[in-house]
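1. please find the sequence and the predicted model below.
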Amino acid sequence: MTSKDTVLNFENTEIAFKNKSDKDLERAYWLFKMVASSGLIKIGTPITTFSLNIGLPIQGIIRNTIYKQFCGGETIEGCAHAIAELGKGNVTTILDYSVEGEESEESFDACCQEVLASVAYAKTNKLISFCVFKPTGVGRFDLLAKLDAKQALTADEKAEFAKVLNRCDAICKACYEAGIPVLVDAEHSWIQDTIDDIARELMERYNKERPIVYNTYQLYRHDKLASLKADLLYAEQQGFFLGAKIVRGAYMEIERERAAEQGYPSPIQPNKAAADADYNAAIDFCLNHIDRIGVMAGTHNDQSCLLLATEMDKRGIPHNHPHVFFAQLLGMSDNLSFNLGAAGYNVAKYMPYGPVKAVMPYLFRRAQENSSAAGQTGRELGLIIKEKQRRKSLKKQR
């Protein structure tokens with residue numbers, strides 16, 4: 001049976017955890033048990049931050065637990081083993097420099113240089129399928145917010161924004177020259193219009209021959225399906241390929257709270273069913289225009305993955321079509337990633353990396369998202385338990 005003939009079964013834990021030792025499974029089990037306790041996460045986050053700030057020796061504990069589960073390494077080179085392990089399961093890597101919360105020009109320059117280094121490394125390692133950058137990693141949040149609000153910039157702010165544009169362009173130009181696609185991460189709604197404008201301009205510049213620059217569409221916003229369709233129309237008119245990373249979204253609670261506080265309509269869908277409907281419609285739209293759109297389906301939802309895979313088969317789109325990728329986060333939803341990889345689909349894992357202390361804001365956010373995500377942590381635990389039981393049964397038979 002070839003990979004193309006493999007029947008997708010996201011409950012197949014043998015494939016999902018093939019590269020995990022019994023020790024790895026046990027660590028993941030206790031980690032997700034901890035994440036399942038939202039109270040523990042709320043208490044543990046400030047305590048851990050305080051301990052790191054005063055220099056208590058807890059980095060080793062973090063490195064061997066939550067960091068090891070969700071991050072590839074402290075440096076690009078330090079991710080080599082994790083990249084190779086994913087590759088054994090026909091899963092590629094998206095190197096994601098996940099240092100957050102820095103706001104100086106020096107830190108923005110350093111982040112840009114780090115992303116450029118990941119592009120250079122990707123040229124030497126075929127298991128890296130995409131590079132990625134977060135706009136607030138290369139530019140000040142409040143500056144982007146001011147632009148979104150249509151407020152006039154001072155001369156200094158204009159010069160500052162020019163530097164932001166130069167950093168974005170340098171990354172996308174390097175990716176274009178290396179032939180490595182790059183993802184522009186989505187952010188909060190009150191800076192997203194500016195990011196969309198930047199991404200659209202970069203796509204127009206570098207997507208003439210193929211999708212290189214991918215903007216991110218958060219479908220938990222009720223206006224983003226329309227944005228996707230409008231951007232394709234513009235791409236067709238201007239003669240470039242649209243790169244679209246389709247996600248549900250990551251800032252729902254913050255978005256709703258801010259809208260209520262400031263008295264404007266929430267940009268978030270009224271309910272999950274509406275977000276799911278728009279997400280699936282976006283997948284359908286992209287497949288209907290696959291000759292002009294490169295789509296990455298960033299999702300941990302098994303139904304959305306199954307829909308995309310099924311619709312590809314219905315349309316006769318090859319599993320390894322270069323315009324279609326699935327993506328999940330490292331350390332999560334291995335049942336999706338590795339079963340899709342075994343069936344011959346293009347799959348990538350977001351692999352966060354960076355110094356332990358600097359990556360902690362990302363890890364805390366990830367833990368909080370998981371503790372509040374209905375069913376996500378329970379599903380991870382259920383799959384781990386199932387695989388532990390399968391292995392135990394096998395040992396008894398021997």
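-> Good, I have the coordinates.
2. my guess is Asp109 contacts Asn166. True?
-> No: if you go by Cβ atoms under 8 Å, Asp109 and Asn166 don't touch, sitting 10.2 Å apart. For glycine as for every other residue, the C-beta is placed from the backbone atoms N, C-alpha and C.
3. longest helix in this structure, by number of residues?
-> helix 155-178 (DSSP state H).
4. model confidence over it, on average?
-> If you average the pLDDT over helix 155-178, you get 98.
5. could you list the low-pLDDT ranges of the stretch 51-200 of the chain?
-> Within the stretch 51-200 of the chain, the segments meeting pLDDT under 70 span 51-61, 101.
6. all strands of the stretch 201-350 of the chain, in order?
-> Using DSSP state E, counting those that start in this stretch, the strands found in the stretch 201-350 of the chain span residues 213-218, 242-247, 293-298, 324-329, 347-353.
7. do the stretch 51-200 of the chain as well
-> For the stretch 51-200 of the chain, applying DSSP E, counting those that start in this stretch gives strands covering 92-97, 128-133, 182-184.
8. now these as TSV including mean neighbour count and distance to Ile83?
-> Compiled in TSV, the strands of the stretch 51-200 of the chain are given as follows (neighbours: other Cβ atoms under 10 Å; distance: least, Cβ to Cβ, whole Å):
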stretch	mean neighbour count	distance to Ile83
strand 92-97	25	5
strand 128-133	24	7
strand 182-184	26	17
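9. could those strands be laid out in JSON lines, adding distance to Gln389?
-> Converted to JSON lines, the strands of the stretch 51-200 of the chain look like this (distance: least, Cβ to Cβ, whole Å):
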{"stretch": "strand 92-97", "distance to Gln389": "30"}
{"stretch": "strand 128-133", "distance to Gln389": "33"}
{"stretch": "strand 182-184", "distance to Gln389": "37"}
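10. now stretch 323-343: buried residues?
-> Using 16 or more other Cβ atoms under 10 Å as the test for burial, stretch 323-343 gives 323-343.
11. what is the end-to-end distance of that stretch?
-> Stretch 323-343 has its terminal residues 17 Å apart, counting by Cα to Cα, to the nearest Å.
12. so where's the stretch 201-350 of the chain uncertain?
-> Using pLDDT under 70, nothing in the stretch 201-350 of the chain is flagged.
13. tell me where it has helices.
-> For the stretch 201-350 of the chain, the helices defined by DSSP state H, counting those that start in this stretch occupy 224-238, 252-262, 272-288, 302-315, 334-342.
14. just say which of the ones you listed is most tucked in.
-> Burial of those is given as mean neighbour count (mean count of other Cβ atoms under 10 Å); helix 334-342 ranks first at a mean of 26.
15. restrict that one to CA atoms and write it as PDB.
-> This file holds the C-alpha atoms of helix 334-342, laid out as PDB (Å, rounded to 0.1, in the frame of the first residue of the first chain):
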ATOM      1  CA  ASP A 334       0.700  14.400  16.600                       C
ATOM      2  CA  ASN A 335      -2.300  12.200  15.700                       C
ATOM      3  CA  LEU A 336      -3.100  14.700  12.900                       C
ATOM      4  CA  SER A 337       0.400  15.500  11.800                       C
ATOM      5  CA  PHE A 338       1.900  12.100  11.500                       C
ATOM      6  CA  ASN A 339      -1.100  10.300  10.100                       C
ATOM      7  CA  LEU A 340      -1.400  13.000   7.400                       C
ATOM      8  CA  GLY A 341       2.300  12.600   6.800                       C
ATOM      9  CA  ALA A 342       2.000   8.800   6.500                       C
END
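16. just give me how far the helix or strand containing Gly378 sits from the chain centre.
-> Per DSSP states H and E, Gly378 falls inside helix 376-397. Remark: helix 376-397 is offset 26 Å from the chain centroid, using Cα atoms, centre = their mean, to the nearest Å.
17. which residues are contacting that helix?
-> Under the criterion Cβ atoms under 8 Å, 6 or more residues apart in numbering, residues 11, 13-14, 16-17, 20, 22, 25-26, 28-29, 32-33, 35-36, 300, 332-335, 370-371 lie in contact with helix 376-397.
18. so how far is Leu232 from His222?
-> 19 Å (Cβ to Cβ, to the nearest Å).
19. re the thing from before, ok and the helix holding Gly378 relative to helix 302-315, angle-wise?
-> 80 degrees (axes from the mean of the first three to the mean of the last three Cα atoms, to 10 degrees).
20. with only the CA atoms kept, save helix 376-397 in PDB.
-> Extracted in PDB, the C-alpha atoms of helix 376-397 (Å, rounded to 0.1, in the frame of the first residue of the first chain):
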ATOM      1  CA  GLN A 376      -8.000  20.000  23.300                       C
ATOM      2  CA  THR A 377      -6.100  18.900  26.400                       C
ATOM      3  CA  GLY A 378      -8.600  16.000  27.100                       C
ATOM      4  CA  ARG A 379      -8.100  14.800  23.600                       C
ATOM      5  CA  GLU A 380      -4.300  14.900  23.900                       C
ATOM      6  CA  LEU A 381      -4.500  13.000  27.200                       C
ATOM      7  CA  GLY A 382      -6.900  10.400  25.700                       C
ATOM      8  CA  LEU A 383      -4.600   9.700  22.800                       C
ATOM      9  CA  ILE A 384      -1.500   9.300  25.100                       C
ATOM     10  CA  ILE A 385      -3.400   6.900  27.400                       C
ATOM     11  CA  LYS A 386      -4.600   4.900  24.400                       C
ATOM     12  CA  GLU A 387      -1.000   4.600  23.100                       C
ATOM     13  CA  LYS A 388       0.300   3.700  26.600                       C
ATOM     14  CA  GLN A 389      -2.300   0.900  26.800                       C
ATOM     15  CA  ARG A 390      -1.400  -0.300  23.300                       C
ATOM     16  CA  ARG A 391       2.200  -0.600  24.200                       C
ATOM     17  CA  LYS A 392       1.500  -2.300  27.500                       C
ATOM     18  CA  SER A 393      -0.700  -4.900  25.700                       C
ATOM     19  CA  LEU A 394       2.100  -5.500  23.100                       C
ATOM     20  CA  LYS A 395       4.600  -6.200  25.900                       C
ATOM     21  CA  LYS A 396       2.200  -8.700  27.500                       C
ATOM     22  CA  GLN A 397       1.900 -10.600  24.200                       C
END
